[in-house]
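Novice: Just need the structure, nothing else, for what follows:
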Amino acid sequence: MTTRQLFKIQNLQKYYPVKKSNVFQRHQEYVKANKNISLEIFEGETLGIVGESGCGKSTFGRTLIQLREQTGGTTMFYGDTIENLMPSYVKETYDSIPKISGSYDKDFAELKALEAQRNDEASIDACRLKEIDFNKKYGNVLRLAGGLLVHDDLNFVRQLLIKRYSAGSKLAQIHQDLYMTQARLKIVGTDAKLEANEKRLQAQFAR
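Specialist: Sure thing, here's the model as predicted:
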C-alpha cells in the first residue's frame, strides 16, 4: 500500500524586508529567514526541526502551515496548494474578531490568576481546563489575524480579512474548476486512445 503524502515543500523561501538605511539606497535588502527548503512528509512520519537559536526554525514552522505567507516556492497539502484550501472556519474566525475582543483581557487575566494559584491537583486541573477553553476561543483568532489584532478598529480588520478570504475562495474555485476540466480532458483523451487501440486490434484480428 502506498503511503499518502501529507506535505510536499519545494524551494520554500521566507524573506523579511530590511528598512532602508537612507533615502538614497536603491536596492531593497532582505533577511533570508528560510531559503530554498525542500522536503516531503508522509502519513505516519514525525517532523522534528532542530537548530541554533535564530536559525529560522519557528519561521519555517509558521510558514509551513501558512501562518506566514511564503515569499517563494510551493507548498502542497495532501497534493493541493493552500490557494485551493479555504476552509469555512477561517471566515467564521475572521467574523468573530470584534465579538470576542472585548472579553479577551478578562479571560486572559482569569487564566493568569489560575496559573499563579496552582498548588494542588484540583487547582492544576482547573487551570488546565481554563487554558483549553481559552485556546479554543482565541487560538484560531490569534494564529490567523496575528498582529492585526492591535489595530484600533477591529471591524475594519474583520472586513479586510473577510475580503481577503472571499478573494481566496474565488481563486480556490477557479483552481478547482481548472483541475476538474483538466481531469475530464485526460479522461476523454484516454478514452480516445482506448477506442483507437480497440479498432487497431479489431483490424488485426479481421485479417
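Novice: Name the helix or strand for Gln10, please.
Specialist: Element membership for Gln10, per DSSP states H and E: strand 5-18.
Novice: Name the strands paired with the very next helix or strand once past that strand and say parallel or antiparallel.
Specialist: Next helix or strand after strand 5-18 toward the C-terminus (DSSP H and E): strand 29-42. Partners of strand 29-42 in the sheet, by DSSP bridges, are strand 5-18 (antiparallel).
Novice: circling back to that earlier point, can you list the buried residues in the strand holding Gln10?
Specialist: Buried residues in strand 5-18, defined by neighbour count with 16 or more other C-beta atoms under 10 Å: 6-9, 12-15. Using the backbone N, CA and C atoms, a C-beta is placed for each residue, glycine as well.
Novice: ok, now stretch 92-99?
Specialist: Neighbour count says stretch 92-99 has 93-94, 97 buried, by 16+ other C-beta under 10 Å.
Novice: Let me know how buried Phe60 is, in neighbour terms.
Specialist: Other residues near Phe60 come to 20 when the count uses other C-beta atoms under 10 Å.
Novice: how about it, what does it touch?
Specialist: 12, 14, 33-34, 37, 49 (C-beta atoms under 8 Å, 6 or more residues apart in numbering).
Novice: and what of Thr46?
Specialist: With contact set as C-beta under 8 Å, 6+ apart, Thr46 has no partners.
Novice: Now do the SS call for it.
Specialist: Following DSSP: H, G, I helix; E, B strand; the rest coil, the label given to Thr46 is coil.
Novice: what do you get for the one 5 residues further on?
Specialist: When states are read from three-state DSSP, the local structure at Gly51 comes out as coil.
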